[in-house]
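Trainee: Mind looking at a prediction? Sequence and model below.
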Amino acid sequence: MAQKRIAIYGKGGIGKSSTASNVAAACADEGYKVMIIGCDPKSDSSITLLGGKRIQTILDLLRQKIDVKEEDIVHEGYKGVQCVEVGGPEPGIGCAGRGIIVAIQKLRKVCKSIDDMDLIIYDVPGDIVCGGFVAPIRKGLVNEAYILTSGEYMPLYAANNICKGLSKINTPLSGIICNSRSVTREEDIVKKFSEEIGSKLMAFIPKEQIVQDCERDGFSVLEKAPDSSVASVYRELAHTIMSNGSSVMPSSLEDERLRELTR
Amino acid sequence: MAENDISIIHPRPSSIVAALYTLRDLNVDVAILHGPPGCSFKHARLLEEDGIHVVTTALDENGFVFGGRDELSSLLCKVNEMFDPKLIGVVGTCASMIIGEELREPVQDANLEVPVIEVEVHAGYPNNTKGVLIALESAFEAGVIDEEELGRQKVLLTEATNVEKRHGAASKEYLVPSRGDLKYKVAGKLIDCLKEGKKCLTIMNAKKETGYMFADITVAINEVAKELGVDENIINMANVDENLGLPRVRNHATNIMNDFKEKGVPIHEIIGGMDEYPITGEKVSKLIADKYSDFELVVITGVPHAIPMDNLKEMEVISVTNGPRQVFPLKDMGHDHVVVEIDLHPKTLGVSHIVESEFGATMRELAKDRLNDSQEES
Ligand SMILES: Nc1ncnc2c1ncn2[C@@H]1O[C@H](COP(=O)(O)OP(=O)(O)O)[C@@H](O)[C@H]1O
Ligand code: SF4
Ligand SMILES: [Mg+2]
C-alpha cells in the first residue's frame, strides 16, 4: 500500500487537532502504522494520544543545540502511534514559520521510521499564514490535503481562502470534512460548498460533549469512549481517508456566494 | 557538540558567498541571488570581474512579506534572454530562506531549457564550507558533477573546515587582524639566507585562483636565487596538479604550470590539486622527512596553516598569507616571519597568468639594489 501523507487545514479552533488525533487513533486500531506530526507551536496535536503527557518538541531540542536523535523526538503513543511535535518560539517572538521549516528538515534527516508508516498526519496550525506553514507540502512531504470546516460563515471563509492557497501552491484537495457546530442545515451547507469548489464532503462529525471530556482527561474518543457514536464517525472517516484515491485542484467561491450559502 | 565549538565574534566568510564562488567554479554563466538588493554586494561585484553575471531579485520589504516567486521566475526568463547562458545558478539568502521561499517552483514556472542549479543557502551557518557543500549537492542533483567528484569534494570540505578550526580564522573566539611583518625586512632576510648559501624550500599551497599571485613568490625567489647563482639550492613544491578538481580549477593549474615553465621555474614536487590545499599537509611533511630534512629555510605561501610544523621545527619559516587574521595563528604555530598580501583575492579574479605580488616585487627590487651596490663596491 502506498504511504498516505496528509495535512488537515482549517480555521484555528475548528477542531483540526482533535480530528487528527482521533483519526490517528482509529487507524491505529485498524492496525495501520501511523505517525502524527504536530506543526503548531502550541504542540497540542499528540497530547490525547499520550495519556495527557507532553513530549519534548524538535525545536525545544534544537534550541539547546542538542544533536537530535530519532528517539528524542519520536514518541510512541496509543497503539503504537508515533508522535512528533515540531514546537516553536514563544508567541510573539521569532519566526514560527521558519521553525517549522527547520524542524521538518531535521525530522527528515534523523527519522528513519518515517518511511515505514502507512499514514502520516501533519497537523498544521490555523490558516496558511506564511511560507513555513506550507513547508510540509512544499517540500513534497504531503500528498493529500484535507480541509476541516463547520457550516458557519467564518470557518467557511477560512476554508475558501485555504482553497486559494492550495491552488496557488499547486496542491490538490482530497476532500472537505465537516466538524459540526450545530448550525441549522449545516451538512447541506458544507456539502454545497464542497461541490461548488469541485471537491466532496467526506464526513460529518457531530458536536459532542464527549469529545471535549475525553480531551480534558488526556485521551482520544477512540481510547476513552470507543463505544460512543462519535467514535464510530471517526472510525468511518479513518476508513474513508485510507481508501480515498481522488483529489482535485480546488476552485474558490466569491465572498457573496459564501454569504448566500450560509444565510 | 563538535569539538572546539566556540562562539567566534569576528566577522567570518559567508556561506552565500561560498556558494557563489562554487557556482563560478562549476562554470555557471549567471548566478541569481534571491534576496535583498545589497546582499553579498562586494563579492557579487568581484565575480563579475571573473566573467560571470551576478544579478539579484532585489526583494524589498514587500518581498519579505509576500514572497518573491514571480520576481524570481521572471528574472530567470530575463537573464536567459539577456545573457544566453548555458548554465544558471540560483542562490538563496537569509531573507528568502527565512520566509520559506522555494527555489524549485519559480524555476519550474520559468521553464527554461537551460539547466539551473538551485542552492537553498543562507548566511547563518558557522562554517562557510556549508555553502559550498549545498551548492555541490545541488550541482550533483542537476547532473553537473558526478558522484565521485561530489565525494571527493566532501572530503576536502571537511578537511578545510578542520584546518580553519585548528590553526585558522576559526581557531579563536576573537582574532585581531594584522598587516604582518614588514615585507622589506622579510625580503631582506630571505635574500641574506640565499646569499649565505642556505638551502631553501618553497611550498605553494594555494586555494584555487589565489595561486595566480602566490605563484609569483615562488617565481621571485627562483629569479633572485638565479641572479645570486644559488638556484641549485632551491626546491619548489606547489599544488598545481592539472588533473584534479573541477574543470575551472584544473585550468588554473595548467595556466600556472605553463607560466612556471615559461619562466624556467622547475616544480620538483607537485603536492596536489588546486582545491587540495586542506589535505596536502601530510604529503608535504613526509616529503620533507624523506628528502629535505637538511633544509634551513622554508617559504610557505597560500594556506600556510595547513602544513604541520612537525618537520619544520629546525628551519627558519617564512609564510605568506592573504588573511590578516591569519597572522597571529601562524606566529603561534611557530612561523618566524609572516607576510600578508593584502587584497590578494580581487587581483586574482579574471586572470589567466601569474600576477605580481607585493612581496615578490619587494624581493626583486631589493635584490637589484643589493646587486648594484656590490657591483659599485667592487
Ligand atoms: N466534534 C467535536 N465536538 C465537540 N468538541 C469538539 C469537536 N471537535 C473539536 N472540538 C473541540 O474544539 C476545541 C478546539 O479543537 P482543536 O482540535 O484544538 O482545534 P484546532 O486544532 O483546529 O485549532 C477543542 O477543545 C476540541 O475538543
Ligand atoms: S543578512 Fe543574509 S540576506 Fe541579508 S544581506 Fe546579509 S547575507 Fe544577505
Ligand atoms: Mg491545532
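Mentor: That came through fine. Numbers count the residues shown, from 1 in each chain, chains lettered A, B, ... in the order given. Ligands and ions are numbered 1, 2, ... in the order given.
Trainee: Nearest residue to the residue of chain A found nearest ligand 3 in space, please, no chain neighbours.
Mentor: Relative to ligand 3, the nearest point of chain A is residue A:17 (3.3 Å; CB to the ion). The way it works is simple: take the backbone N, C-alpha and C, and place the C-beta from them, glycine included. What sits nearest to residue A:17 in space, not counting adjacent residues and going by CB to CB, 6 or more residues apart in numbering or on different chains, is residue A:45, at 5.0 Å.
Trainee: what's the helix or strand for the residue in the stretch 101-250 of chain A that ligand 1 sits nearest to?
Mentor: Closest to ligand 1 within the stretch 101-250 of chain A is residue A:211: 3.8 Å, counting by CB to the nearest ligand atom. Per DSSP states H and E, residue A:211 falls inside helix A:209-217.
Trainee: Same check on residue A:67?
Mentor: Here residue A:67 is assigned to no helix or strand, by DSSP H and E.
Trainee: Tell me, how many residues neighbour it?
Mentor: 10 (other CB atoms under 10 Å in any protein chain shown).
Trainee: before we move on, what about residue A:183?
Mentor: If we define neighbours as other CB under 10 Å, then residue A:183 has 17 of them.
Trainee: if I pick the residue in the stretch 101-250 of chain A positioned nearest to chain B, what's in contact with it?
Mentor: Going by CB to the nearest CB, chain B is nearest to residue A:131 of the stretch 101-250 of chain A, at 2.4 Å. Residue A:131 makes contacts with A:97, A:101, A:138, B:67, B:99-102, as judged by CB atoms under 8 Å, 6 or more residues apart in numbering or on different chains.
Trainee: Of these, which is the most crowded?
Mentor: residue B:101 (26 neighbours).
Trainee: Which of the three states applies to it?
Mentor: At residue B:101 the chain is in coil, as set by DSSP: H, G, I helix; E, B strand; the rest coil.
Trainee: Kindly list the main-chain dihedrals of it?
Mentor: Residue B:101 adopts backbone torsions of phi -70, psi 140, taken as degrees, to the nearest 10.
Trainee: Just give the number of residues close to the residue in the stretch 51-200 of chain B positioned nearest to ligand 2.
Mentor: As assessed by CB to the nearest ligand atom, ligand 2 sits closest to residue B:94 within the stretch 51-200 of chain B, at 3.2 Å. For residue B:94, the neighbour count with other CB under 10 Å is 17.
Trainee: how about low-confidence regions in chain A?
Mentor: A:127-129 (pLDDT under 70).
Trainee: now the residue of the stretch 101-250 of chain A closest to chain B, nearest residue through space, not along the chain?
Mentor: residue B:100 (2.4 Å).
Trainee: May I ask you to confirm that that neighbour is in contact with residue A:136?
Mentor: No. Counting by CB atoms under 8 Å, residue B:100 stays clear of residue A:136, with 10.9 Å between them.
Trainee: Which residues are in contact with each of the two?
Mentor: Residues touching both residue B:100 and residue A:136 by CB under 8 Å, 6+ apart: none at all.
Trainee: ok, residue 17 - contacts?
Mentor: No chain was given, so I picked chain A. Residues counted as contacts of residue A:17 (CB under 8 Å, 6+ apart) are A:38, A:40, A:44-45, A:123.
Trainee: that answer is for a different chain, and I need it for chain B
Mentor: B:40, B:43, B:128, B:131.
Trainee: got those residues as TSV, with secondary structure, neighbour count and distance to residue A:157 columns?
Mentor: Shown next, in TSV, are the contacts of residue B:17 (DSSP: H, G, I helix; E, B strand; the rest coil; neighbours: other CB atoms under 10 Å in any protein chain shown; distance: CB to CB, whole Å):
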residue	secondary structure	neighbour count	distance to residue A:157
B:40	coil	23	42
B:43	helix	21	47
B:128	coil	23	47
B:131	helix	27	43
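Trainee: What is the nearest of the residues you listed to residue B:60?
Mentor: Closest approach to residue B:60 among those (CB to CB): residue B:40, at 16.6 Å.
Trainee: Residue of chain B closest to chain A, please.
Mentor: Evaluated by CB to the nearest CB, chain B has residue B:100 as its residue closest to chain A, separated by 2.4 Å.
Trainee: For that residue, grab phi and psi.
Mentor: Residue B:100 adopts backbone torsions of phi 80, psi 30, taken as degrees, to the nearest 10.
Trainee: before we move on, what about the one 3 residues further on?
Mentor: Backbone torsions for residue B:103, taken as degrees, to the nearest 10, come to phi -90, psi -30.
Trainee: Now for it, how many residues are close by?
Mentor: By the criterion of other CB under 10 Å, residue B:103 has 23 neighbours.
Trainee: Can you tell me, leaving aside adjacent residues, what's nearest to it?
Mentor: Distance criterion CB to CB, 6+ apart; nearest residue to residue B:103, sequence neighbours excluded, is residue B:118 at 4.0 Å.
Trainee: Within the helices and strands, which one has the one you found?
Mentor: Per DSSP H and E: strand B:116-119 holds residue B:118.
Trainee: Using PDB, write down the CA coordinates of that strand.
Mentor: Below are the C-alpha coordinates for strand B:116-119, written out as PDB (Å, rounded to 0.1, in the frame of the first residue of the first chain):
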ATOM      1  CA  VAL B 116      19.500  25.500 -13.300                       C
ATOM      2  CA  ILE B 117      21.400  24.700 -10.100                       C
ATOM      3  CA  GLU B 118      19.200  25.600  -7.100                       C
ATOM      4  CA  VAL B 119      21.200  26.400  -3.900                       C
END
